[in-house]
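Chemist: Sequence first, then the predicted structure, then my questions.
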Amino acid sequence: MNTITEPSPLTITDISQGQKIAFIGCGNMAKAIINGLVASGWPAKQIIASNPSNDKLIPLANQLAIATTNNNLEAAGFADIIILAVKPQKLTQVCQQLAKVDLSKKLLISVAAGYKSEKIAEHLGQTPPIIRAMPNTPAFIQCGASGLFATSQVNEQHKNITVSIFEAVGKISWVSAESHMDVVTAIAGSSPAYIFLMMQAMIEQAVELGLEQQQAFTLVTQAVSGAAQLAQATPEKSLDTLRKEVTSPGGTTAAAITSLIGNQFESIVKQAVTASVKRGQELGNQ
Ligand SMILES: NC(=O)C1=CN([C@@H]2O[C@H](COP(=O)(O)OP(=O)(O)OC[C@H]3O[C@@H](n4cnc5c(N)ncnc54)[C@H](OP(=O)(O)O)[C@@H]3O)[C@@H](O)[C@H]2O)C=CC1
Ligand SMILES: O=C(O)[C@@H]1CCC=N1
């Protein structure tokens, strides 16, 4: 029997509960989240972005009608939720600056890789609720994957609003140990880059072997997207089963898989994940 689900009476405007969000740092990751949020219907007038240079702010102000500033303190003062989206190397300086703001009634969300919540609180000189989030750039098209970790000051309301933000731009998963955020970084935050590299190699080889660039791009990106969507749509099948369904004995896929395994493909991927985790730990210890 099919179950018909009534559409939720809540719109994203209701879900956002009038909460105002400030992005401190408006580079690649902030832009991806902001674009995804606005596309999902999050009210642009409830978003402000702060960045030292205007070249990144002007297109956002013009295209999405969010507020912008070069003053982090102005952005922080405006917002209920402050999303720290600067490089980890800049975060100490930003936290020391935000120490001037009373953060007791605000929620801080840091997307910085590696940088621990304890260190954020230390440089803020106060202990506001802090959530660490590790999103990825597919958030731009609301296909992001975000890991979330909540510190002990975080309450259910903070968690709910954080879920609203990151679910508006993709899927989320909470982790219970902060150390797991480095693993999340390796498999979600950074991993689109691994897939882009693999797609690039496939396209280059296809072009080398006679296909047009655009033709190869269309086929490769659709194959990768289709494979990921098939895996998500058929959770009852393991990835191993899905692979075997493509791989005819003695066929073309078997030849490619034998080549990949013979060249230590799985080991190479696992080493890459470990290298990313290690770098996250190093950033956390700097
Ligand atoms: N890119 C990604 O895929 C992901 C990134 N992250 C995390 O997001 C954070 C940002 O990364 P990303 O967006 O890639 O980096 P970017 O360099 O693209 O963005 C950082 C932005 O911060 C701005 N900035 C520098 N100093 C300050 C300051 N004192 N106050 C306010 N803004 C400042 C920079 O401005 P300007 O350039 O003008 O100096 C820049 O626009 C990092 O901590 C990273 O770990 C997390 C998940 C994925
Ligand atoms: O490369 C980085 O350090 C950041 C974190 C995850 C993706 N980009």
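Modeler: Perfect, thanks for sending it. Please read these numbers as outputs of a predicted model, since none were measured by experiment. Ligands and ions are numbered 1, 2, ... in the order given.
Chemist: Would you quantify the distance from Ile268 to ligand 1?
Modeler: Noted for Ile268: a distance of 21 Å to ligand 1, by C-beta to the nearest ligand atom, to the nearest Å. Using the backbone N, CA and C atoms, a C-beta is placed for each residue, glycine as well.
Chemist: which parts of this structure sit against ligand 2?
Modeler: Contacts of the chain with ligand 2, taken as C-beta under 6 Å from any ligand atom, map to Ala113, Thr185, Gly189, Ser190.
Chemist: can you put these in a markdown table and add neighbour count?
Modeler: Listed next are the residues of the chain next to ligand 2 as a markdown table, based on neighbours: other C-beta atoms under 10 Å:
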| residue | neighbour count |
| --- | --- |
| Ala113 | 22 |
| Thr185 | 26 |
| Gly189 | 25 |
| Ser190 | 20 |
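Chemist: Among those residues, which are located in strands?
Modeler: Judged by DSSP state E, strands contain none of those.
Chemist: filter those residues by proximity to ligand 1?
Modeler: Near ligand 1, judged by C-beta under 6 Å from any ligand atom, the entries from the residues of the chain next to ligand 2 are Ala113, Gly189.
Chemist: Tell me the one among the residues of the chain next to ligand 2 nearest to Leu239.
Modeler: Closest to Leu239 out of the residues of the chain next to ligand 2 is Ser190 (19.8 Å), distances taken as C-beta to C-beta.
Chemist: so that closest one makes contact with Leu197?
Modeler: No: here Ser190 does not reach Leu197: they are 11.0 Å apart, not a contact under C-beta atoms under 8 Å.
Chemist: separation between Ser179 and Gly147?
Modeler: Here Ser179 is placed at a distance of 12 Å from Gly147 (C-beta to C-beta, to the nearest Å).
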